[in-house]
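Q: Build me a model from this:
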Amino acid sequence: MSKRPDIRIKVILVGDAGVGKTALAMSYLHRIFSPIYLQTIGVEFYPKLINMDNRLVEFMIWDTAGQERFGFLMPMYYKGAKAALLVYDITRKETFINIETWLEKIRKYSGDIPIILAGNKTDLEDFRLVNEDEGADLAQKNKLLFMETSAKTGKNVGEVFHRLFRSAYDYVLDTLRVLRGE
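A: Now for the predicted structure:
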């Protein structure tokens, strides 16, 4: 397998500040969890090389800031994304309520890309304010995939990124087939 990727695909992590977007990325990429919350300023980039269908694919994970003050940069962050992980915190109802707004922005700037809705922080079950059925219902209503995760325990972290990457990869291949008239 060559070191140079055959294809590069951009995916984005989106949601309110403090929902655990960076923690999910770090849990997946490095199998680490830090209880210290470090606010993302603007955007962070994390590359991940994966062999998919005998192709070396480089996924560029764009971890976006969840603060409104960076809203003017949103079109640049989202442009060219082929899939999104839309995250809320199951212990903070307002982060779930804001999902519709984030969803509108993703679709406005990235088009009709695959989106996975992730209810994060399931390790804090005793403080849950958004039940799993609410997340599943919202996902079904908006034709999104849905999972609950915990960056701290690793629950579904590998699976959610696998699904994100597979969705993005399939989206790119489908787009190429359409462009070729297949």
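Q: neighbouring contacts of the one helix or strand in the chain whose mean pLDDT sits lowest?
A: One helix or strand of the chain scores below all others by mean pLDDT, DSSP states H and E: helix 74-78, with a mean of 81. By C-beta atoms under 8 Å, 6 or more residues apart in numbering, the residues outside helix 74-78 that reach it are 12, 43, 62, 64, 105, 106, 109, 110. In short, each C-beta sits where N, CA and C put it, glycine included.
Q: now stretch 116-128
A: Here stretch 116-128 has contacts from 19-20, 23-24, 83-91, 96, 99, 130, 132, 135, 138-139, 142, 144-153, 155, 160, 163-164, 167, using C-beta under 8 Å, 6+ apart.
Q: next one: the helix or strand containing residue 87 to chain centre, how far?
A: Using DSSP states H and E, residue 87 falls within strand 81-89. Strand 81-89 has its C-alpha centroid displaced from the chain centroid by 3 Å (C-alpha atoms, centre = their mean, to the nearest Å).
Q: What is it packed up against?
A: In this structure, strand 81-89 packs against strand 7-14, helix 21-30, helix 93-97, helix 99-110, strand 115-120, helix 157-180, with contacts taken as 3 or more C-beta pairs under 8 Å, 6 or more residues apart in numbering; DSSP states H and E.
Q: before we move on, back to that, filter the contacts of stretch 116-128 down to the buried ones.
A: Among the contacts of stretch 116-128, the ones that count as buried by 16 or more other C-beta atoms under 10 Å are 19-20, 23-24, 83-91, 96, 99, 130, 135, 138-139, 144-152, 155, 160, 163-164, 167.
Q: and residue 110, what is it in contact with?
A: Residue 110 makes contact with 12, 78, 79, 80, 81, 84, according to C-beta under 8 Å, 6+ apart.
Q: Which of those sits closest to residue 5?
A: Lowest distance from residue 5 to these (C-beta to C-beta) belongs to residue 80, with 15.5 Å.
Q: Now do the buried residues in the least confident helix or strand of the chain.
A: Within helix 74-78, the residues scored as buried using 16+ other C-beta under 10 Å are 74, 77, 78.
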